[in-house]
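# build me a model:
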Amino acid sequence: MANCKQISITRTEGEWTLIRRKLVPAQDGLGQDMKCLSKHIRREVLKYKNLILDIPDNGIVKSGGEMIEKRPWIDTKCLEDIKWIATKMKVSPSVVIDRLIITPLLQP
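Next up, the predicted model:
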């Protein structure tokens with residue numbers, strides 16, 4: 001498999017552990033994580049490419065549409081907790097909401 005350096009994915013150690021658990025069969029061991037990730041990315045890219053090719057106007061995918069910004073009301077105590085978590089993770093509060101709360105909702 002060629003060494004591809006044009007795309008870099010940055011996630012926390014814990015996130016990589018979760019990804020590894022989903023992608024790497026237990027019998028394959030730790031050394032296979034990048035190979036399994038590469039295969040997964042290739043499968044997903046082909047899936048979306050074929051989906052887009054099958055759609056006549058090439059503009060609709062299951063997560064398509066215009067970007068919409070929403071601002072839910074979050075009470076002060078919860079906001080303080082989010083900021084504390086963000087400090088511990090060394091990311092912004094919006095990243096905490098995106099990674100820990102919104103992204104899991106998008107998972108099948």
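# now do the domain split for the protein, please.
For the chain, automatic domain parsing gives the domain ranges 12-65, 69-108.
# out of those domains, which gets the lowest mean score?
Confidence, taken as mean pLDDT, is least for domain 12-65 of those (a mean of 73).
# for the helix ranked longest in the chain, name the packing helices and strands.
Using DSSP state H, we find that the single longest helix of the chain is helix 33-54. Applying 3 or more Cβ pairs under 8 Å, 6 or more residues apart in numbering; DSSP states H and E, we find helix 33-54 packed against helix 13-23. (C-beta placed from N, C-alpha, C; glycine too.)
# what residues of the helix it packs on count as buried?
19, 23 (16 or more other Cβ atoms under 10 Å).
# please apply the same query to stretch 99-108.
Buried residues in stretch 99-108 (16+ other Cβ under 10 Å): none.
# tally of neighbours for Val91?
By the criterion of other Cβ atoms under 10 Å, Val91 has 15 neighbours.
# circling back: may I have the longest helix of the chain as PDB, with CA atoms only?
Below are the C-alpha coordinates for helix 33-54, written out as PDB (Å, rounded to 0.1, in the frame of the first residue of the first chain):
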ATOM      1  CA  ASP A  33      -5.000  -0.100  12.400                       C
ATOM      2  CA  MET A  34      -3.700   2.200   9.600                       C
ATOM      3  CA  LYS A  35      -4.300  -0.500   7.000                       C
ATOM      4  CA  CYS A  36      -7.900  -0.900   8.200                       C
ATOM      5  CA  LEU A  37      -8.400   2.800   8.400                       C
ATOM      6  CA  SER A  38      -7.200   3.200   4.800                       C
ATOM      7  CA  LYS A  39      -9.500   0.400   3.600                       C
ATOM      8  CA  HIS A  40     -12.500   2.000   5.500                       C
ATOM      9  CA  ILE A  41     -11.800   5.400   4.000                       C
ATOM     10  CA  ARG A  42     -11.600   3.900   0.500                       C
ATOM     11  CA  ARG A  43     -14.900   2.000   1.000                       C
ATOM     12  CA  GLU A  44     -16.600   5.100   2.200                       C
ATOM     13  CA  VAL A  45     -15.200   7.300  -0.600                       C
ATOM     14  CA  LEU A  46     -16.400   4.800  -3.200                       C
ATOM     15  CA  LYS A  47     -19.800   4.600  -1.600                       C
ATOM     16  CA  TYR A  48     -20.300   8.300  -1.700                       C
ATOM     17  CA  LYS A  49     -18.900   8.600  -5.200                       C
ATOM     18  CA  ASN A  50     -21.300   5.900  -6.400                       C
ATOM     19  CA  LEU A  51     -24.200   7.600  -4.600                       C
ATOM     20  CA  ILE A  52     -23.400  10.900  -6.200                       C
ATOM     21  CA  LEU A  53     -23.000   9.300  -9.600                       C
ATOM     22  CA  ASP A  54     -26.400   7.600  -9.300                       C
END
